[in-house]
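Enquirer: return a 3D structure for these sequence lines:
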Amino acid sequence: MNDNRIRTIIVDDEEAAIDNLCFELKRHERIKVEGVARRGVSGIKLIEKERPDLVFLDVELPDMLGMDVAAQLHKSVDWRMQIIFYTAYDKYLIDALRSFAFDFLLKPVNPKELDIVIDRVLLDMSRETTGYLSPLFSALKSGSSEKSFMVMTPTGDLRVLRISDIGYFRYISSRKIWEAVLSNGNVIPLRRNTSADNLCAYDSSFVQVHQSFIINLSYLVMVQGNRCVMYPPFDGVAEIQVSKKYRKELMDKFYQL
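Expert: Take a look at the predicted model:
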């Protein structure tokens with residue numbers, strides 16, 4: 001038995017997809033599947049417990065998006081780990097997402113494409129590097145305003161957004177959903193189970209200021225009374241209020257900028 005096998009976790013809720021992936025991975029002697037989780041929350045716990053080298057992560061899970069899982073993991077992952085997203089969404093979306101240097105596979109997993117990805121993982125793992133994180137984690141930890149992440153709308157559409165695209169999120173209580181308000185004037189509704197914690201986990205620039213508002217600190221000019229005054233193109237926005245519950249955290253982070 002090879003002692004330097006790559007310890008692998010699969011996070012997916014589709015039994016057929018899990019079985020197919022496990023079957024294909026058996027062809028690779030260096031890969032050892034240590035466990036499977038079927039929800040995002042349990043996947044995070046399993047990854048933090050097992051500290052794997054490699055994670056196959058479904059884009060859409062019953063309780064959260066795969067990107068939400070990755071965003072929450074980046075706070076605790078301090079070891080060398082690669083993430084491979086895989087999904088049943090069409091190839092054109094996947095090709096677009098690959099331009100952000102993520103690793104993706106389509107469902108059902110094609111053996112030849114899997115071989116290519118595994119070869120890439122093996123090459124990265126063979127490098128004499130300490131503290132290595134995958135391109136996804138490098139992007140999450142970067143301070144660049146051009147960082148990107150993925151959201152899902154209530155109709156199931158996936159959208160890739162940059163941090164700098166978003167001025168703030170607002171909660172629409174009548175629909176029980178969050179919306180992202182963009183710098184180009186567009187508003188994107190987010191799927192129903194998106195939480196404030198999910199949104200704030202994407203980047204430290206996103207700070208909750210009210211039960212119904214999360215702002216991008218990069219656009220904040222000042223707090224005037226209980227109102228956030230924003231830079232253009234959000235300078236005309238008067239709806240963003242700061243509640244007492246969140247005021248101290250907001251001011252502490254604002255003065256650290």
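Enquirer: from here on, just use CA atoms for contacts and neighbour counts.
Expert: Noted.
Enquirer: need the contact list for the most centrally placed residue in the chain.
Expert: Residue closest to the mean C-alpha point of the chain, counted by C-alpha atoms, centre = their mean, is Met67 at 2.4 Å. Under the criterion of C-alpha atoms under 8 Å, 6 or more residues apart in numbering, the contact partners of Met67 comprise Val59, Phe149, Met150, Val151.
Enquirer: then Ser204?
Expert: Applying C-alpha under 8 Å, 6+ apart, we find Ser204 in contact with no residue.
Enquirer: how about the secondary structure of it?
Expert: Secondary structure assignment for Ser204 (DSSP: H, G, I helix; E, B strand; the rest coil): coil.
Enquirer: ok, back up a step: most neighbours among the contacts of Met67, which one?
Expert: Of all the contacts of Met67, the highest neighbour tally under other C-alpha atoms under 10 Å goes to Val59, namely 23 neighbours.
Enquirer: need the nearest residue in space to Asn216, chain neighbours excluded.
Expert: Once its chain neighbours are removed from consideration, Asn216 has its nearest residue in Phe206; the separation is 4.7 Å (C-alpha to C-alpha, 6 or more residues apart in numbering).
Enquirer: ok so, going back, quick check: the two most widely separated of the contacts of Met67?
Expert: In the contacts of Met67, the most distant members under the criterion C-alpha to C-alpha are Val59 and Phe149, with 11.8 Å between them.
Enquirer: buried set for stretch 150-166?
Expert: By neighbour count with 16 or more other C-alpha atoms under 10 Å, stretch 150-166 contains the buried residues Met150, Val151, Met152, Thr153, Leu158, Leu161, Ile163, Ser164, Asp165, Ile166.
Enquirer: and of the residues you listed, the nearest to Gly35?
Expert: When those are compared for distance to Gly35 (C-alpha to C-alpha), Met150 comes out closest, at 25.6 Å.
Enquirer: got the contact list for the closest one?
Expert: Met67, Leu158, Arg159, Val160, Leu161.
Enquirer: could you export those residues as TSV, including pLDDT and distance to Val242?
Expert: What follows is those, written out as TSV (pLDDT from 0 to 100; distance: C-alpha to C-alpha, whole Å):
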residue	pLDDT	distance to Val242
Met67	75	28
Leu158	75	30
Arg159	81	28
Val160	78	28
Leu161	83	25
